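*Asks:* Any chance you could fold what I've pasted below:
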Amino acid sequence: MSTDNTMSRLSNQLVRNLKSVGEPSLSPDASRLAYTLSWIDQDQLQTKSQIIVRGLPDGTEHKFTRGPNDINAKFSPSGNYLAFLRPTQISHIQQTRQ
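*Replies:* Got it, this is the predicted structure:
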């Protein structure tokens, strides 16, 4: 590592720009793949995620959701519906007195 922390700055920038793909769900007829695309919002320094649907085998993609934290997409058995989770509030756990 250089003494001017070039590697550290490069690594921090790299991490901020990373996107990850996960939680794949294949439609029953294998014509579409839904997955979660996640990244770090630079302004808010929070993780964001959306559901992307990719047509197979042509590779066309479209954003199925535009929510800030959409996850866990699953096709219905018929393939006509795609369910997903969208957390809408922060859970609060309160400690009880003993």
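
*Asks:* Gln50 and Gln13, how far apart?
*Replies:* Using C-beta to C-beta, to the nearest Å, we find Gln50 at a distance of 23 Å from Gln13. Glycine gets a C-beta too; all of them are placed from N, C-alpha and C.

*Asks:* Looking at those two, which has the bigger crowd around it?
*Replies:* Neighbour count, other C-beta atoms under 10 Å: between Gln50 and Gln13, Gln50 has more, with 20 against 10.

*Asks:* Quick one, grab the pLDDT at Lys74.
*Replies:* With respect to pLDDT, Lys74 scores 94.

*Asks:* And it, how far from Gln44?
*Replies:* 28 Å.

*Asks:* what do you get for Arg16?
*Replies:* For Arg16 relative to Gln44 (C-beta to C-beta), the value is 12 Å.

*Asks:* quick one: which of those two has more around it?
*Replies:* Arg16 (12 against 9).

*Asks:* Enumerate every residue touching the more buried one.
*Replies:* For Arg16, the contacting residues are 40, 42, by C-beta atoms under 8 Å, 6 or more residues apart in numbering.

*Asks:* give me phi/psi at the nearest residue to Pro87 once chain neighbours are set aside?
*Replies:* Nearest in space to Pro87, with sequence neighbours left out and distances taken as C-beta to C-beta, 6 or more residues apart in numbering, is Asn69 at 5.3 Å. For Asn69, the backbone dihedrals are phi -150, psi 50 (criterion: degrees, to the nearest 10).

*Asks:* in the sheet, who's paired with Asn69?
*Replies:* Beta-bridge partners for Asn69, by DSSP bridges, are Ser49.

*Asks:* got a list of what it touches?
*Replies:* 47-49, 86-87.

*Asks:* pLDDT weak spots in the protein?
*Replies:* 1-10, 89-98 (pLDDT under 70).

*Asks:* Just the CA atoms of stretch 13-27, as CSV, please.
*Replies:* What follows is stretch 13-27, C-alpha atoms only, in CSV (Å, rounded to 0.1, in the frame of the first residue of the first chain):
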residue,chain,number,x,y,z
GLN,A,13,-14.8,4.5,-4.0
LEU,A,14,-15.1,1.0,-5.3
VAL,A,15,-17.3,-0.1,-2.4
ARG,A,16,-19.6,2.9,-2.8
ASN,A,17,-20.1,2.1,-6.5
LEU,A,18,-20.7,-1.6,-6.2
LYS,A,19,-24.0,-3.1,-7.2
SER,A,20,-25.0,-6.6,-6.2
VAL,A,21,-27.4,-9.0,-7.8
GLY,A,22,-29.2,-11.6,-5.7
GLU,A,23,-32.4,-13.5,-4.8
PRO,A,24,-33.1,-14.9,-8.3
SER,A,25,-36.5,-16.3,-9.2
LEU,A,26,-37.2,-18.1,-12.4
SER,A,27,-40.7,-18.0,-13.9
